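Trainee: sequence and predicted structure are below.
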Amino acid sequence: MSALTYAISDGVTITKRNLIKIRRVPDLIVFTALSPIMFVLVFAYIFGSVIDLPGISYREFLIAGIFTQTVIFGSTWTGLGMAEDMQKGIIDRFRSLPMSPSAVLVGRTTSDVFINVISLFVMSLTGLLVGWRINTSFFEALAGFLILLFFAYALSWVMAVVGLWIRTPEVFNNASFIVIFPITFIANTFVPSDNFPTALRHVAEWNPVSAVTQATRELFGNTHPAMPAPEAWPLQNPVLASLGWTVVILVIFVPLAIHRYKKAVSR
C-alpha cells in the first residue's frame, strides 16, 4: 500500500474513533446545538425588533450569519480535542502505533465536519421556526451549505495548530474565543457592514467570514435589490472569494499543522 493509502485508511480509523466518542458523550452535541439556537432567539427577537433592513426581514438576513458563526465555533472541537489528547498522553500512544503522522489530524478535522452537519441541521430547523426561508433552488441551497462546511473544515486545521501549540484545553478555550469573537463580529454576520466606522468597514469587507456569510445569503436567496450594493470585491464575488479564502487557509495550515504535530510527538 502507498503512503497516501495508509494515510487515508488511518485517517478513517481515527475519524471513527472520534465519532464513537461523540456518541458516548452526547452532551457534546447537545451543547453544540443549544448555543446557536440561543443566538438565533436572542438576535431574532431582541435585535430584530429594532433593526430594519430594506426589502428583507432581519430574521432572513440573520440566519446566514448565525450559520457561519456556528461552523466557526464547531471548528474549535479539533483544537480542543488535540489539546486534550496531548494533555492526557493519547498522542504518545498513537506515536507508538505504525500509522501515518497526518492520520490523527485528518481524523480530527473530518469528524468535526459531521458535528457541523448536525449543528447546521438543527440551525436550519430553528431558522424555519423563526421565519427564515430558502428562496432559491435546491442546488443553490446545497452549494451554500457546502461552502459553510468547506470553510469550517479549513478552520479546523487552523484550530489544530492552535491546539498543538497551546496544549491545555482550558487555555485553548480562552485563546480560541479571543480570536473567534472579533472575526465573527467585525463582519456582516449580524448587521450590514455599510455603517461601520471606515477602518472597521474595510476590515469587515475583507474578512473571510463576511465573504462566506454573503455567499450563503445569496445562495439561500436572503438578499434584496433594495439593500446597498457592496463595494469591495470579496462581497461582490462572495462565492469565489469564499472558495479562494478557504483554499489559502488549507494551503497554509495543513502543512503547518502536520509540522506542529510531528514536532509535538517527537519530544
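Mentor: That came through fine.

Trainee: so where's the stretch 51-200 of the chain shaky on pLDDT?
Mentor: Within the stretch 51-200 of the chain, the set of residues satisfying pLDDT under 70 comprises 89-101, 167.

Trainee: which residues in it form helices?
Mentor: Secondary structure of the stretch 51-200 of the chain (DSSP state H, counting those that start in this stretch): helices located at 58-88, 90-95, 103-130, 138-166, 169-185, 198-205.

Trainee: format these as a markdown table; extra columns: distance to Lys263 and mean neighbour count.
Mentor: For every residue, glycine as well, the C-beta is placed using N, CA and C. Below are those laid out as a markdown table (distance: least, Cβ to Cβ, whole Å; neighbours: other Cβ atoms under 10 Å):
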| stretch | distance to Lys263 | mean neighbour count |
| --- | --- | --- |
| helix 58-88 | 12 | 24 |
| helix 90-95 | 12 | 15 |
| helix 103-130 | 13 | 20 |
| helix 138-166 | 8 | 21 |
| helix 169-185 | 17 | 16 |
| helix 198-205 | 32 | 16 |
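
Trainee: let's have the ones you listed in TSV, adding distance to Thr216.
Mentor: TSV is the format used below for the helices of the stretch 51-200 of the chain (distance: least, Cβ to Cβ, whole Å):
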stretch	distance to Thr216
helix 58-88	4
helix 90-95	35
helix 103-130	10
helix 138-166	4
helix 169-185	14
helix 198-205	16
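
Trainee: for Val248, which of those is the nearest?
Mentor: helix 138-166 (8.5 Å; Cβ to Cβ).

Trainee: ok, back up a step: quick one: closest of the helices of the stretch 51-200 of the chain to Pro225.
Mentor: Minimum separation from Pro225 across those (Cβ to Cβ) falls at helix 58-88, 14.0 Å.

Trainee: tell me how far the closest one lies from the chain's centre.
Mentor: How far helix 58-88 lies from its chain's middle: 5 Å, per Cα atoms, centre = their mean, to the nearest Å.

Trainee: nearest to Ala232, of the helices of the stretch 51-200 of the chain?
Mentor: Comparing the helices of the stretch 51-200 of the chain under Cβ to Cβ, the one sitting nearest is helix 198-205, at 3.5 Å.

Trainee: residues contacting that closest one, please?
Mentor: For helix 198-205, the external contacting residues (Cβ atoms under 8 Å, 6 or more residues apart in numbering) are 186-188, 193-194, 196, 210, 230-232, 234-235.

Trainee: most neighbours of all the residues you listed, which one?
Mentor: Ser210 (29 neighbours; other Cβ atoms under 10 Å).

Trainee: how far away is that one from Tyr153?
Mentor: From Ser210 across to Tyr153, the span is 19 Å (Cβ to Cβ, to the nearest Å).

Trainee: try Thr223
Mentor: For Thr223, the distance to Tyr153 equals 25 Å [Cβ to Cβ].

Trainee: just the pLDDT at the residue nearest to Pro234 when sequence neighbours are not counted, thanks.
Mentor: The shortest distance from Pro234 to any non-neighbouring residue, by Cβ to Cβ, 6 or more residues apart in numbering, is to Ala241 (3.8 Å). Per-residue confidence (pLDDT) for Ala241: 97.

Trainee: find the helix or strand that Ala241 is a member of.
Mentor: helix 238-265 (DSSP states H and E).

Trainee: quick check: buried residues in that helix?
Mentor: Using 16 or more other Cβ atoms under 10 Å as the test for burial, helix 238-265 gives 238-239, 241-243, 245-246, 249-250, 253-254, 257-258, 260-261, 264-265.
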